[in-house]
Every structure is written in structure tokens, then in C-alpha cells.
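Asks: Show me how the following folds:
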Amino acid sequence: MPFMHYFFALILLFFIPISLHANHTEIHFGVFAYLGKEETARKYQPLADYLSETTGKKIILEVLTQEEMNEKVSRNELDILTTNPTHFLVLRQQYAFSGAIATLVGYSKGVATSELAGVIVVRADSPIHSISELKAKRIATPSTKHMGGFRAQAYELYKHGINLQSNPSNIIETKGSHQEVVQTVLKHKADVGFIRDGILEEMIEKGEIKANDIRVINEQNTTHPYIVSTRLYPEWPVCALPTIDDDDLKLIVSALFTIQPIHKELLDAGIYGYTMPADYLEVEQLARELRLPPFDQTPSISYRDIWNQFALSIAIIGLLITLLILYFLRERFLKKTLKENEERFRLLIENMNSGVAIYNATEDGKDFIFKTINPSAMRIDQISYDQVIGKKVSEVFPGAEAMGVMDTFRRVYKTGKSEHFPISFYQDGKIAGWRENFIYKLPNGEVVAVYNDVTEQMQTRVELEKAKSDLEKANQSLLIKNDQLKELAMIDGLTKIANRRLFDESYEKKYRETLRSKKSLAILMIDVDNFKAYNDHYGHAAGDECLIEIAASLKSSLKRPTDIVARYGGEEFVILLKDIELKGAKKVANTLLENIRALNIVHEYSDAASYVTVSIGLAFQEPQDFITKEELLKQADDALYKAKANGRNQIFMVGQSR
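Replies: Numbers count the residues shown, from 1 in each chain. Just a heads-up that it's a prediction; the model follows:
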């Protein structure tokens, strides 16, 4: 009957990887070589190293072409793999393994993203300026199997009325890297190139091409960190094969989800981390519309398929022919057909897992009377057939009016339009259950309700959302603790000023800045005179207090926020002064010398004075000079040695007198 077209079933399948063997000591990680094998290996080796370190397993990185990856999967020689979304669909269609376990979050220019896109490029002097001009042009691509390197762009052209599949001779597959596609366009071997996002910026940054060599067609206005020509699609998935042990898979998933953006090697490789598996349905829909693998084969249709789909039409045609032959047989055939349809309908209703109830409206259309219910309805509502048949809905379920059920029934009965009506049940002020209701009106005026108890599915969803929220909070807490630990690692525990590690990092940074901006840089190496004698005679506690006072004096003597003082080791300190004249550097050194003397810390065992003094070695680099950072530091150390050799309690600069 026609109303049966309204019944649908939604089946959720959860696939869990099945182990073929247990306790791997080695896990083989396959990666699609979309940048060429060498460059792709350079990008993903830090990830493999991170996984090895985090999981305690030996992760073996295998960079493969798509053909090589297909072969390895067929021979069960890989445990986990990552590839572009379209290749993932092909593999999942051809081989039995799980869906995605995680999705890549890429990183570039300080921005993290879990999406990719395609880029359409032409030579800067090309007469092509829009997608509509790409018809019948020679198009270079790494392969038609690539998502960012072909399919995303092909779909954009398809939406503009250009079907690349209709003229495949114009498609040039380089069978190499995305960079080769750009070079093919620049060498006039193709009019247009299809590459994935980020490739263009990488080639410009490496100096392989100039920014004005290439022009992008159909540039999109997005917050994506790269220039793109297409809409955004989910980034590369990571998926598990049946060969990996369940416990090993848990280690891998945990390691992927807990990657923090503090690993420089991963960030340099464009890997910010991994997130929950993305929905790759839009990638599948793209492949279906373009009729690309794995959806490029037209399904064969048998006579049985035609009969199953058009049985009623064939029966009607046969009936009409029969009517022309013999009127008497018509009546007999119709009665038989009606009886069979009624029996089919009865069996279908009785065996459905969903609850089904059929109602007749009262004369005023404000209430509805039970006509029949199926066994599933009795199970879900915990009622018997005799309790409801012939009774009004308002009598059987007094709360239906308050819950809005009756209003939904009236609207459907009045308008004939089907409605979806979800219901939540409360107990003790909390949601205790969920139900999905679909209300239809049949051509004969009857109202049908098809419903399911989805409490278990909704509870699972709530638990997953809570788990995700807890994980995000834990990650945030971990980030804060990491920042605190990093700060503690940079401060000297005794003097509370910068330590040797922070000085080394600051020196490296400021040295590069002075070279780039052509500024001067001064280093002051400072040593407490006769400090061993002070420690031996006054004790280590007094020695520590002496160092604390000296550090505080040095720090307070520096007036510019860019100046840095650090404890270099033992009783030795170092100061960095950027963008200062030599005269100013000497003045600062003298101020430091005098301020230490002014502390008047008694030192009866010093051969320089009766109080604590320091010796200072000064090294200075003029803006026009080029001295390596190692040599500049050595000059300051040599100057300190001279100051101490000349009697201590003084300043010395190599090449000049005090």
C-alpha cells in the first residue's frame, strides 16, 4: 500500500578492530607519499618517533604510493595507516577494516586546522582567469585518486557545468608529487594544475618558485591558513587494520589524542595533533556524484531487481491485459491481490521492531481512537492489545496532551504532512528515557504512529559528550601545568633570576636579532672575587645569602626591560645588553661594580678589599661587525680572566684599558 513508503529503518553499526595476533613489539605505520617519498618521510618521521616514545612500541614508518599501500594492506603487512580521504574510501570499500580512529589537525602560520582543500593554479601570464574558462584545457594532477590534488577541484568544475570525466585525454597524471604538477604548468606542458592546499606556500618558502610565477584560480575567502580554490573537506584520517592488537590500538589512539602543540618537530612538519574522527560522508558524496572510485562502477540490474522494484506496476499492466481478454478473471484476480496485500501488510506490521499504532480520528478531530497496535508497541508501552483497542489516546495516556502528543496528531490529521516528534521522559527531575515518534496520515484518513525507544543510544551519546568534555578539560589543565614547569625550569632556584638555560636561549635569540637589525650587543661576565674563601670561612649558608644579595643588586641595577641578568654557574653571573653604545655598556658595568661595593658585605679573606667585590669582563660587538656568538662569549670570558689577573675588583675589556 502507498503509505508503506513512509517507514524507514536507521541502523548504527559500530566496527571494532579484530586482532589477528597479539602483543606486537613492532607496529607498521603506512603513510601515503603525497609529497614524494623523501619529503613525506621527513614530515612523518617525527610523528613515528613520538608514537614510539609514547607507546613504548617500535613504530616502523613505511612511506608508500597508493598502489604499494594497497598491496601491503592486501597482504596484512600494515597495522595502521594514514592517507587522503578518497584513498581511505577506496581501501575501506575493498578491504575489511575499521573506520577512521582519528583525524589529522594540521598546523601552519600559527593556525591549526583539521580540514584540507584543493588549489587550482595557472601561470602568472595565463589568459585563464575563472573556472568557466577551464573547459577543454590541459590539466596536470598528481593522480585522479588524490582528494586535494584532483577530486576537490573536479567537483568545483562539475558544479560549474564542466565534467572532466567526459574528456579524460585532457588530464595529465604526473604520477609524482604535487610539486611536479606546478613545474609541469610552469614548463608549459599543461595549462592548469591541481594541487592540495599548502603546497604552493611551501614551494615559495623553500625558494623553488617565486610568488609571481603562479596565479590561483577561484580563490576562496576563508579563515583557512592556506590559499584554496575549493570548499574545505576533512583532513587525513588515521585508521587501524585487523592486524593490530586491541591493547596496542588503545595506546596508539591515546597517544594521538594527547599530542600537545609543544613538540617543535611535529609543528615544523605541519602536525598540530589529532582529534575525534571527522565525518567523511561529504567526501563519499563527492565521489558518488563524480562517479569516481570506489563508486565508478554502474551496478548490474537483474530481472529480479526489476521485479522487486516494479512488482506492482508489472502486476497492474498484466491485469489490464487480462481485462482485455476476460472480464470475469479481473474480479477474481483483484480479490486475490487485495487479500495478499492485506496479509503482507499485517505480517510487516507484526514483525517490525518499531512500535506501530493505527488510529481513527473522533468526529471533532480532537482525539484519536486505537484501531490496532503491533507486538513491538505493546512491548515499548508495556500495555496489552485489549487494554487499548477501541479506546481514546487521552484515556490510555492521560499525559499525552501535556507532552504535546495530541497537538502533533491534530496537525498531521489536519494538514496531511508527516511530523517527527521526539519525547523525553522525566523521573525525579531528571531525563529517564527518550523516544522517537514519526506521525503519518494515510490516504484513507487513518493516522499512524511509528516509534522507537532510543534511551540506550541517547545515554551513550550523553556519555560520549561528557567524556569528550572531560578530556578537553584534562588537556587544558595539562597545558597550564606544562607552562608552569617550563617557567620553573628557566629560573635559578637560589637567586630567583634567570638560569644558564634561559640565558642560552635568550642569547641565541638576541644574537640573531642584532645581526638582522644591525644593532650592537654587549656581554658582561661577572665573577665574585675570592668567593671560595668566603664560603670556607663564613659557611655555605652565608655564601648562599651573599649570592642572593648580589643577584638582587645586579637585577635592580638594570633599567631596561630588554636587559637580561642570569646566574651563569656557581658565583658567576652574565648580563646581556642589546642596542647599546660602548660608552653606555661601560657605564652600566661601572654602576654594577659600585652597587656591589655599596652592599658592604664583609669579606676579611679577600685579597681585593675588606668587603665583597666582583670582577667584570666586557665584550662588545658593533653593528657593522660580525663576530660569532661563541667568539663574543669567549671575549667576555677572556676579559673576566684579565680583570681577575690584574688584581680583581675591576672591569676589563679585551683590546682596551679600563
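Asks: can I get the CA coordinates of stretch 257-272 in CSV?
Replies: Presented in CSV, the C-alpha positions along stretch 257-272 are these (Å, rounded to 0.1, in the frame of the first residue of the first chain):
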residue,chain,number,x,y,z
PHE,A,257,44.7,12.3,21.1
THR,A,258,47.2,13.6,23.7
ILE,A,259,49.7,15.2,21.3
GLN,A,260,50.3,18.7,22.6
PRO,A,261,51.4,21.7,20.5
ILE,A,262,54.7,21.8,22.2
HIS,A,263,56.6,19.4,20.0
LYS,A,264,58.6,21.6,17.7
GLU,A,265,59.4,18.7,15.3
LEU,A,266,55.7,17.9,14.8
LEU,A,267,54.7,21.6,14.4
ASP,A,268,57.5,22.1,11.9
ALA,A,269,56.1,19.1,10.0
GLY,A,270,52.7,20.7,10.0
ILE,A,271,51.2,18.3,12.6
TYR,A,272,49.3,20.1,15.4
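Asks: Give me the residue ranges of the stretch 201-350 of the chain where confidence is low.
Replies: For the stretch 201-350 of the chain, applying pLDDT under 70 flags the ranges 296-302, 305, 309.
Asks: Strands of that one, residue ranges please.
Replies: With DSSP state E, counting those that start in this stretch, the ranges of strands along the stretch 201-350 of the chain come out as 214-217, 233-234, 237-240, 271-275.
Asks: cool, and the stretch 451-600 of the chain?
Replies: Secondary structure of the stretch 451-600 of the chain (DSSP E, counting those that start in this stretch): strands at 521-528, 564-569, 572-578.
Asks: In terms of secondary structure, what does the second one contact?
Replies: Counting contacts by 3 or more Cβ pairs under 8 Å, 6 or more residues apart in numbering; DSSP states H and E, the secondary-structure elements packed against strand 564-569 are helix 500-517, helix 540-557, strand 572-578. C-beta here means a position set from N, CA and C on the backbone, and glycine is covered the same way.
Asks: Of the strands of the stretch 451-600 of the chain, which stretch is the most buried?
Replies: Among the strands of the stretch 451-600 of the chain, strand 521-528 has the highest mean neighbour count (mean count of other Cβ atoms under 10 Å), at a mean of 25.
Asks: how about TSV for the helices and strands packed on strand 564-569, with distance to F370 added?
Replies: Listed next are the helices and strands packed on strand 564-569 as TSV, based on distance: least, Cβ to Cβ, whole Å:
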stretch	distance to F370
helix 500-517	78
helix 540-557	86
strand 572-578	87
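Asks: Of the ones you listed, which is nearest V181?
Replies: Judged by Cβ to Cβ, the one of these that comes nearest to V181 is helix 500-517, at 34.8 Å.
Asks: ok so, going back, could you single out the most deeply buried of the helices and strands packed on strand 564-569?
Replies: By mean count of other Cβ under 10 Å, the helices and strands packed on strand 564-569 have strand 572-578 as the most buried, with a mean of 23.
Asks: who does that one pair up with?
Replies: For strand 572-578, the pairing partners within the sheet under DSSP bridges are strand 521-528 (antiparallel), strand 564-569 (antiparallel).
Asks: Can I take it that F194 is in a strand?
Replies: Yes: counting by DSSP: H, G, I helix; E, B strand; the rest coil, F194 is located in a strand.
Asks: Distance-wise, check it relative to T230.
Replies: From F194 across to T230, the span is 10 Å (Cβ to Cβ, to the nearest Å).
Asks: same check, this time on A112
Replies: From A112 across to T230, the span is 20 Å (Cβ to Cβ).
Asks: Find the centremost residue of the protein, please.
Replies: Central residue of the chain (Cα atoms, centre = their mean): V105, 2.5 Å from the mean position.
Asks: Mean confidence (pLDDT) on the helix or strand that contains that residue, please.
Replies: Element membership for V105 (DSSP states H and E) is strand 100-108. The average pLDDT within strand 100-108 is 88.
Asks: now that strand: how far from the chain's centre is it?
Replies: 3 Å (Cα atoms, centre = their mean, to the nearest Å).
Asks: residues in contact with that strand?
Replies: Strand 100-108 is contacted by residues 80, 82, 88, 112-114, 116, 198, 201, 225-226, 234-240, 249, 252-253, 256-257, 261, 266-267, 270-278, 280 when judged by Cβ atoms under 8 Å, 6 or more residues apart in numbering.
Asks: can I get the CA coordinates of it in PDB?
Replies: The C-alpha coordinates for strand 100-108 follow below in PDB (Å, rounded to 0.1, in the frame of the first residue of the first chain):
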ATOM      1  CA  ALA A 100      38.800   6.300  11.000                       C
ATOM      2  CA  ILE A 101      40.100   6.300  14.600                       C
ATOM      3  CA  ALA A 102      41.300   9.900  14.400                       C
ATOM      4  CA  THR A 103      41.600  12.900  12.000                       C
ATOM      5  CA  LEU A 104      44.700  15.000  11.500                       C
ATOM      6  CA  VAL A 105      44.800  18.600  12.800                       C
ATOM      7  CA  GLY A 106      47.300  20.300  10.500                       C
ATOM      8  CA  TYR A 107      49.400  23.400  11.500                       C
ATOM      9  CA  SER A 108      50.600  26.400   9.500                       C
END
